[in-house]
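Enquirer: What shape does this take:
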Amino acid sequence: MTYCVGLKIDRGLVFMSDTRTNAGIDSISTFRKMHVWEVPGERVIVLMSAGNLATTQSVVSMLDERTKAPNERAPTLLEMPSMFQTAKLVGNVVKEVIAHSSPEGEKADSYFNASFILGGQIRGTEPRLFMIYPEGNFIESSDDTPFFQVGETKYGKPIIVRAYDRTMSLAETVKLLLVSFDSTLKSNLSVGLPLDLLFYEKDSFRIGLKKRIAQDDPYYRTISDGWSNALRQAFRSLPDFPDT
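Expert: Next comes the predicted model:
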């Protein structure tokens, strides 16, 4: 399992993903789940993945190889005129990889499923954020749905829902995401450090802050310990159940 979040604020797009991949309690590995394509001054595209590792790696490899050996019949991520067209391209590659990976038979493709969060900006258009499903279809973020999650979402979602504000600064947004991830890490062993963080500032057309956050990161430790203490204090401050 994994946990990835893509979030849209007024200043731009913020992405965070864990790096744990496991095939049982005795087979745990670290793999990057955030991938970036950049043409400085022209476009930045970020793709995060969750699901079957072989499927997600095949999708990313196919997209990347096509950028290095483009042809007229297969436009690449670096040639798409809009993020909507980019989402369609990624969706088509997802369908292609799953179709080729799955054996014949009922529900054969379920094991090979993978979901993606795609975000970025292409010059002449606004920053956009999409969720791409294993079937290849996708939805776009909106004012009502300003963030997407893939993977182990249930533990970290309530925190984002309660605290998100589109006018947040980058510092506040990173703090919010770290609290969300810390809650998930403490609740599910299939999500693990280190975490990858990336910030894209609107209309910059270049990668902004990009950082890997490890277990010993001082700020992460401050957030993790501080959130635990704050929850305990909040619990103690609530009135006790009346003794009747």
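Enquirer: Now the residue lying closest to residue 94 once chain neighbours are set aside, what are its backbone angles?
Expert: Closest residue to residue 94 apart from its sequence neighbours, by C-beta to C-beta, 6 or more residues apart in numbering: residue 136 at 5.1 Å. For glycine as for every other residue, the C-beta is placed from the backbone atoms N, C-alpha and C. Note on residue 136: backbone dihedrals following degrees, to the nearest 10 are phi 100, psi -10.
Enquirer: wouldn't residue 136 be in contact with residue 97 here?
Expert: No. Counting by C-beta atoms under 8 Å, residue 136 stays clear of residue 97, with 9.9 Å between them.
Enquirer: Report how many residues lie close to residue 155.
Expert: 18 (other C-beta atoms under 10 Å).
Enquirer: Give me the neighbour count for residue 209.
Expert: A total of 12 residues lie near residue 209 under the criterion other C-beta under 10 Å.
Enquirer: same question, residue 152
Expert: So residue 152, with other C-beta under 10 Å, has 20 neighbours.
Enquirer: What of residue 207?
Expert: Neighbour count for residue 207, taken as other C-beta under 10 Å: 16.
Enquirer: Next, it: secondary structure please.
Expert: coil (DSSP: H, G, I helix; E, B strand; the rest coil).
Enquirer: pLDDT value on it, please?
Expert: In this model, residue 207 is scored at 97, pLDDT.
Enquirer: do you know how far it is from residue 226?
Expert: 29 Å (C-beta to C-beta, to the nearest Å).
Enquirer: what does residue 95 give?
Expert: Distance, residue 95 to residue 226, using C-beta to C-beta: 44 Å.
Enquirer: ditto for residue 151
Expert: Per C-beta to C-beta, residue 151 is found 25 Å from residue 226.
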